[in-house]
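J.: how would this look folded up:
(one chain, ligands or ions: 2)
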Amino acid sequence: MTKTVIIGTNHAGLAAANAILDNSEQEVVMIERNENFSYLSCGTALWVGHQIDSVDGLFYTNREDFEAKGAKVRTQTIVDNIDFEGKIVHATDQQGDKVEESYDKLVLATGSIPISPKVPGRELKNITFMKKYEEGQNIDQMFEHEDVKNIAVIGAGYIGVEMAEAAKRRGKNVLLFDALDRCLPSYYDPWFTDDMDKNLADHGIELHYGELVKEYKGSDKVEQIVTEKGDYDVDLVINAIGFSPNNQLAKDHLELFANGAYLVDRHQQTSDPDVYAVGDCATVYSNALQGTTYIALASNALRTGIVAGENIAGNPIESPGVQGSNGISIFGHHMVSTGYSVESAAKFNLDVKYTDIEDTQKPEFMKENADVKLRMVYEASSRRIVGAQMSSTTSDISMAIHMFSLAIERQVTIDELGMLDIFFLPHFNQPYNYINKAALAAE
Ligand SMILES: Cc1cc2nc3c(=O)[nH]c(=O)nc-3n(C[C@H](O)[C@H](O)[C@H](O)COP(=O)(O)OP(=O)(O)OC[C@H]3O[C@@H](n4cnc5c(N)ncnc54)[C@H](O)[C@@H]3O)c2cc1C
Ligand SMILES: NC(=O)c1ccc[n+]([C@@H]2O[C@H](COP(=O)([O-])OP(=O)(O)OC[C@H]3O[C@@H](n4cnc5c(N)ncnc54)[C@H](O)[C@@H]3O)[C@@H](O)[C@H]2O)c1
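T.: Ligands and ions are numbered 1, 2, ... in the order given. As a prediction, the model looks like this:
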């Protein structure tokens, strides 16, 4: 019987385990450093910001679910190294005992590690990342203390903006720093982020953009951060300047992408045919770019896990690739995007054009309506869609972004969207939908 060892059992590893266990009779061993399974860090800001009542719903499965399907589960066990020649995983369990597991197939699902700003003072207390459940617990507890007043969030990407909102909702003074001149620069063009920055400022968040932290100061705990532009008193610092792939176990054995991620094919197979890599530790195929890239998202982790698991179970499916679709909702301001913005396309040497529209979802005579802002980005030569960004201050318009995700995957052109059959009913839509209008107006 084929034996598969899965290292790392968060979203990607769990998806791979389910796919193998549900589709074959194979032996599966799951090894995880943490005690808990399946923590949805995506919900941390909602929990810590007291927008949901309890953290319990942020765990969607547990070890018993996998043991019931026949898997051997080792939690609180750290994999120390792998003998790729002898096909043996070496680990240490909670008691400090050495553990060995042989394998026929290996799945690396070791995820990502938050990047630490390399500045003096970063070892001081009250400086934290926001990735693990325990870090969320710690931040939540610190927010309880009245003397923890000033919170600095470093990095105005997804985690930073969400944690800034959470801290503000808990009544803190929030200072949000980013190296670049606006929030969410990797996902949206300024036409969208200008609105989000105004939203953040209107809710009392102090924006410090284009301002790099040079030092953290304090005797035991952090007391001040020093940037090129000033010194600021702080009681807690949350670092959120991005992730890097956790490639520690196989970086000397496998082919790597430019940022260190395990390079995989469309079956999630690495340069060692018996080793698969999934989720944040691996590359993805981008349909917008039509090439390999790195995008750390839970949604990619789940899909890549399924692909690897199905292949190991004997069903040789290929990944359709990803668009990196994502979304954010801050104080009721909703933004969603897929593929590339105009700015990010330039970084990847894609020559693009774009078409914009600001409209309402429904005809003006409808009492309840939604404002919609849309930018569609298309390749200049082929006119295929390579990105879309949308926002609304009133309504959940997120479902439309999934259509753009499919359009990118299937290489639909901007001209095809002009004539796309979008139905009309005043309750839902205008006779000319905003997608049709913007596509017809494209240069
Ligand atoms: C605050 C926050 C909010 C987020 N919000 C969203 C969101 O809204 N939408 C979205 O799509 N994505 C979101 N993400 C990103 C998403 O959480 C990650 O992309 C996702 O967790 C990746 O899953 P993974 O299983 O590949 O890796 P990870 O979640 O990093 O899991 C890797 C696992 O491997 C284990 N491991 C590592 N090394 C070893 C070892 N040597 N031995 C044993 N075990 C090991 C770790 O303990 C861990 O459990 C968010 C992330 C954060 C931090
Ligand atoms: N809603 C969502 O889909 C969601 C939510 C949270 C996290 N995530 C994912 O998790 C991953 C990690 O999120 P993240 O917010 O850490 O990364 P991110 O890439 O979204 O943002 C990092 C930010 O840090 C800034 N930065 C980089 N170096 C800096 C420095 N030295 N000083 C100041 N600013 C600096 C960047 O300009 C960027 O704005 C991402 O892949 C993200 O997409 C997604």
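J.: check which helix or strand covers residue 17.
T.: helix 11-23 (DSSP states H and E).
J.: what sits up against that helix?
T.: 4, 6-7, 9, 26, 28, 30, 32, 37-38, 61, 66, 69-71, 107, 109, 111, 276, 278-281, 298, 301-306, 308-310, 312-315 (CB atoms under 8 Å, 6 or more residues apart in numbering). All C-beta spots, glycine's among them, are computed from the backbone N, C-alpha and C.
J.: what's downstream of it, the next helix or strand?
T.: Next along from helix 11-23, by DSSP H and E: strand 27-31.
J.: Would you tell me what the next helix or strand after that following strand is?
T.: That would be, after strand 27-31 and using DSSP H and E, helix 44-48.
J.: Please see if that following helix touches ligand 2.
T.: No - using CB under 6 Å from any ligand atom, helix 44-48 never reaches ligand 2; the gap is at least 8.0 Å.
J.: Can you name the residue of the stretch 101-250 of the chain nearest to ligand 2?
T.: Closest contact between the stretch 101-250 of the chain and ligand 2, by CB to the nearest ligand atom, is at residue 157 (1.7 Å).
J.: can you give me the helices in the protein?
T.: In the chain, the helices defined using DSSP state H lie at 11-23, 44-48, 63-67, 133-144, 158-169, 190-202, 298-312, 342-347, 399-409, 414-418, 434-440.
J.: so can I have CSV of those showing mean pLDDT, mean neighbour count and distance to ligand 1?
T.: Formatted as CSV, the helices of the chain follow (pLDDT from 0 to 100; neighbours: other CB atoms under 10 Å; distance: least, CB to the nearest ligand atom, whole Å):
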stretch, mean pLDDT, mean neighbour count, distance to ligand 1
helix 11-23, 98, 24, 4
helix 44-48, 96, 24, 5
helix 63-67, 96, 16, 13
helix 133-144, 96, 17, 8
helix 158-169, 98, 24, 5
helix 190-202, 98, 18, 16
helix 298-312, 98, 24, 4
helix 342-347, 97, 17, 17
helix 399-409, 97, 19, 13
helix 414-418, 97, 18, 25
helix 434-440, 97, 20, 24
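J.: Just the CA atoms of the helix holding residue 17, as PDB, please.
T.: Only the C-alpha atoms of helix 11-23 are listed here, as PDB (Å, rounded to 0.1, in the frame of the first residue of the first chain):
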ATOM      1  CA  HIS A  11      -5.300  24.500   4.900                       C
ATOM      2  CA  ALA A  12      -3.100  23.000   2.100                       C
ATOM      3  CA  GLY A  13      -2.100  19.900   4.000                       C
ATOM      4  CA  LEU A  14      -5.600  19.200   5.200                       C
ATOM      5  CA  ALA A  15      -7.000  19.500   1.700                       C
ATOM      6  CA  ALA A  16      -4.400  17.100   0.400                       C
ATOM      7  CA  ALA A  17      -5.100  14.600   3.200                       C
ATOM      8  CA  ASN A  18      -8.900  14.700   2.500                       C
ATOM      9  CA  ALA A  19      -8.300  14.200  -1.200                       C
ATOM     10  CA  ILE A  20      -6.200  11.100  -0.600                       C
ATOM     11  CA  LEU A  21      -8.300   9.600   2.100                       C
ATOM     12  CA  ASP A  22     -11.600  10.200   0.200                       C
ATOM     13  CA  ASN A  23     -10.300   8.800  -3.100                       C
END
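J.: what angle separates that helix from helix 298-312?
T.: 40 degrees (axes from the mean of the first three to the mean of the last three CA atoms, to 10 degrees).
J.: any idea how far helix 11-23 is from the chain center?
T.: 20 Å (CA atoms, centre = their mean, to the nearest Å).
J.: Stretch 305-313 too?
T.: 21 Å.
J.: residues making contact with it?
T.: 2, 4, 11-20, 22-24, 26, 105, 107, 109, 266-269, 276-279, 316-319.
J.: just stretch 63-72 next, same as before
T.: For stretch 63-72, contacts defined as CB under 8 Å, 6+ apart pick out 14, 17, 18, 21, 22, 27, 28, 29, 30, 37, 73, 75.
J.: From start to finish, how long is that stretch in a straight line?
T.: Terminal residues of stretch 63-72 lie 9 Å apart, using CA to CA, to the nearest Å.
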